[in-house]
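J.: sequence and computational prediction follow.
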Amino acid sequence: MTIGEQLTALFLLPIPVACVAWTVTHENIFREAHEWCEEKSRRSKRLIQRKFFYLFTCEYCFSHYLTALLLWIVRYKLLYGDWRGYMMAFFSIVWIANVYMSFYGRIRLVIRRERIEIEEKEKEPG
């Protein structure tokens with residue numbers, strides 16, 4: 001894979017990681033599962049159980065597991081052709097996916113604020 005192809009893949013592969021991590025940890029479609037995992041992460045007696053269930057409530061934590069799965073499926077390596085390439089790819093994809101999620105979260109916050117401002121203006125008389 002050329003360096004250009006590697007860089008293209010480096011910015012494309014985090015997109016599904018960010019999408020799945022955000023959806024599972026924040027969106028209403030998984031709300032019940034999220035709440036159940038949150039409860040288990042607080043109340044389980046064993047540390048390993050608490051940590052396991054916590055990973056489904058934190059987009060940062062979950063993105064690590066999704067990235068590992070993605071790398072196992074696509075066999076993407078960054079800069080090096082051996083295990084070091086997997087390590088470089090792993091941390092790079094996790095970081096970029098979390099940057100994408102931060103941007104997305106910020107955009108949603110701005111949109112929500114604008115909606116509230118519009119609703120307030122519509123309620124004002126005159």
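T.: Nice, thanks for sending it over. Treat the numbers as computed from the prediction; the structure is a model and nothing was measured. Numbers count the residues shown, from 1 in each chain.

J.: how close does the closest residue to residue 24 other than its chain neighbours get to residue 67?
T.: Excluding its sequence neighbours, the residue lying closest to residue 24 (CB to CB, 6 or more residues apart in numbering) is residue 30, at 5.3 Å. All C-beta atoms are positioned from the backbone trio N, CA, C, and that covers glycine. According to CB to CB, to the nearest Å, residue 30 stands 19 Å off from residue 67.

J.: which one's more surrounded, these two?
T.: residue 67 (25 against 15; other CB atoms under 10 Å).

J.: helices or strands up against the longest helix along the chain?
T.: Ranked by residue count under DSSP state H, the longest helix found in the chain is helix 83-123. Judged by 3 or more CB pairs under 8 Å, 6 or more residues apart in numbering; DSSP states H and E, the packing partners of helix 83-123 are helix 3-12, helix 14-26, helix 59-74.

J.: one more pass at 6 Å, please.
T.: helix 14-26, helix 59-74 (3 or more CB pairs under 6 Å, 6 or more residues apart in numbering; DSSP states H and E).
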